[in-house]
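1. Can you look at this prediction? I've put the sequence above it.
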Amino acid sequence: MNKAKSFILAGVVVLILIIAVSSAYIVREIEQVIITQFGKPVGDPVTSPGIHFKIPIIQEANFFEKRFLEWDGAPNQVPTKDKRFIWVDTYARWHIKDPLLFFQRVRDERGAQSRLDDILDGETRNAIAKHLLVEIVRSTNRTPNLPDVLVEGEIATILQDIKFGRERLTRSIIANAAPRTLELGIELLDLRLKRINYVEEVQKKIYERMITERKRIADKFRSEGQGGASKILGDKERELKKIQSEAYKTAQEIIGKADAEATAIYAKAYNQSPESREFYNFIKTMETYQTTMSEKDWLILSTDGDFYQYLQKLSGK
């Protein structure tokens, strides 16, 4: 009899322990809890950390994060206002602001991610479709330190002045999406455009156009370089001819002065006396013989010619 009472007492103790364990739950600092009874929430959300109790079996504790959570959207193909088709990859940060409303609307984080996909992707698509590509790429205006010839085509499009910009674009997406997320018990903290890129078909065309522009600019530089080189060569030839002409002129002037001085000296010497004139004629005739004849030359001269007179005298005839 005593053994039966002991077994019953032990069973009661075990049952009490099971009930106590199943009725207690621990809330950490990073968690918040919604208590449900037969699937329906009861009471206020439990947000204070520590040990808490619920009715065992019929009540259940549903835990939710207090920390910031991540939403990473899938890349979407979106057209801009200027008809540029681009891939847009976005991400956001959010947290559960109202756990009771969150539980009632989306149940858990998986449901929240699905609803955020619809809301944020839709608002991102709407915002991008209302703005030019340059406003999605940049947030501020800037003046590049590039030659004017380079700021053309695709580069000129990217560097044109903007009035809205990427930062304001993301702020507008948050402003439009925040009221819809609050209806789910979610506070949208931030949203950013992680990556923007052209779709493959457009990307190829853009690259081809950029290559064509670079080739055109290179040809322009090449043409300007060739023109500059031709100008330099022309100036060099002109200066060379000018220098040669001046040198030739100077040389001719020097030669002319020298010839004039030599002629004056010859004339002065020629006019001094008959003997001097005779000696001068002799010397000049000898020079003429030396320059006009060689050992192999034959001359047929008249005996009464002036050219023969000194040869005749030399021969003793």
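-> Structure received. Fair warning: this is a prediction, and the values are worked out from it, not measured in the lab.

2. Phe63 - how many residues pack around it?
-> Residues contacting Phe63 under the criterion other CB atoms under 10 Å number 16. All C-beta spots, glycine's among them, are computed from the backbone N, C-alpha and C.

3. what are the bridge partners for Leu193, then?
-> Thr90 (DSSP bridges).

4. give me every residue that touches it.
-> For Leu193, the contact set (CB atoms under 8 Å, 6 or more residues apart in numbering) comprises 88-90, 124, 136, 166, 169-170.

5. And those, which is closest to Ala178?
-> Closest approach to Ala178 among the contacts of Leu193 (CB to CB): Thr170, at 12.3 Å.

6. And the pLDDT at that closest one?
-> As predicted, Thr170 sits at a pLDDT of 94.

7. Most widely separated two among the contacts of Leu193?
-> Distance extremes for the contacts of Leu193: the farthest pair is Asp89 and Leu169 at 14.5 Å, using CB to CB.

8. And the two? Which one has more around it.
-> A count of neighbours by other CB under 10 Å puts Leu169 above the other of Asp89 and Leu169, at 19 against 16.

9. beta partners of Glu31?
-> Bridge pairing for Glu31 - DSSP bridges - gives Glu65.

10. I'd like to know how many residues surround it.
-> 18.

11. hang on, the earlier thing: are any of the contacts of Leu193 buried, and which?
-> 88-90, 124, 136, 166, 169-170 (16 or more other CB atoms under 10 Å).

12. and those residues, which of them are in strands?
-> Using DSSP state E, the subset of these located in strands is 88-90.

13. Could I get those residues in JSON lines, plus columns for distance to Glu70 and pLDDT?
-> Listed next are those as JSON lines, based on distance: CB to CB, whole Å; pLDDT from 0 to 100:
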{"residue": "Val88", "distance to Glu70": "18", "pLDDT": "94"}
{"residue": "Asp89", "distance to Glu70": "14", "pLDDT": "94"}
{"residue": "Thr90", "distance to Glu70": "12", "pLDDT": "95"}
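
14. Closest one of those to Arg67?
-> Among these, Thr90 lies closest to Arg67 (CB to CB), at 20.7 Å.

15. list the contacts for that closest one?
-> Thr90 touches 73, 120-121, 124, 191-194, counting by CB under 8 Å, 6+ apart.

16. Send me whichever strand or helix holds Phe282 as PDB with only the CA atoms.
-> Element membership of Phe282, judged by DSSP states H and E, is helix 274-292. Listed next in PDB are the C-alpha coordinates belonging to helix 274-292 (Å, rounded to 0.1, in the frame of the first residue of the first chain):
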ATOM      1  CA  PRO A 274     105.000  97.700-118.700                       C
ATOM      2  CA  GLU A 275     107.300  95.100-117.100                       C
ATOM      3  CA  SER A 276     104.700  94.400-114.500                       C
ATOM      4  CA  ARG A 277     102.000  94.100-117.100                       C
ATOM      5  CA  GLU A 278     104.200  91.700-119.100                       C
ATOM      6  CA  PHE A 279     104.900  89.700-116.000                       C
ATOM      7  CA  TYR A 280     101.200  89.600-115.100                       C
ATOM      8  CA  ASN A 281     100.300  88.400-118.600                       C
ATOM      9  CA  PHE A 282     102.900  85.700-118.400                       C
ATOM     10  CA  ILE A 283     101.800  84.400-115.000                       C
ATOM     11  CA  LYS A 284      98.100  84.300-116.100                       C
ATOM     12  CA  THR A 285      99.000  82.600-119.300                       C
ATOM     13  CA  MET A 286     101.000  80.000-117.400                       C
ATOM     14  CA  GLU A 287      98.100  79.400-115.100                       C
ATOM     15  CA  THR A 288      95.900  78.900-118.100                       C
ATOM     16  CA  TYR A 289      98.300  76.400-119.600                       C
ATOM     17  CA  GLN A 290      98.300  74.500-116.300                       C
ATOM     18  CA  THR A 291      94.500  74.400-116.000                       C
ATOM     19  CA  THR A 292      93.700  73.600-119.600                       C
END
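
17. Sort out which residues of it are buried, please.
-> Tyr280.

18. And stretch 187-200, by the same measure?
-> Residues of stretch 187-200 classed as buried: 188, 191, 193, 196, 198 (neighbour count, 16+ other CB under 10 Å).

19. Take the buried ones among the contacts of Leu193 and lay them out in CSV including distance to Leu184.
-> Converted to CSV, those look like this (distance: CB to CB, whole Å):
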residue, distance to Leu184
Val88, 23
Asp89, 23
Thr90, 18
Thr124, 18
Ile136, 27
Arg166, 27
Leu169, 23
Thr170, 20
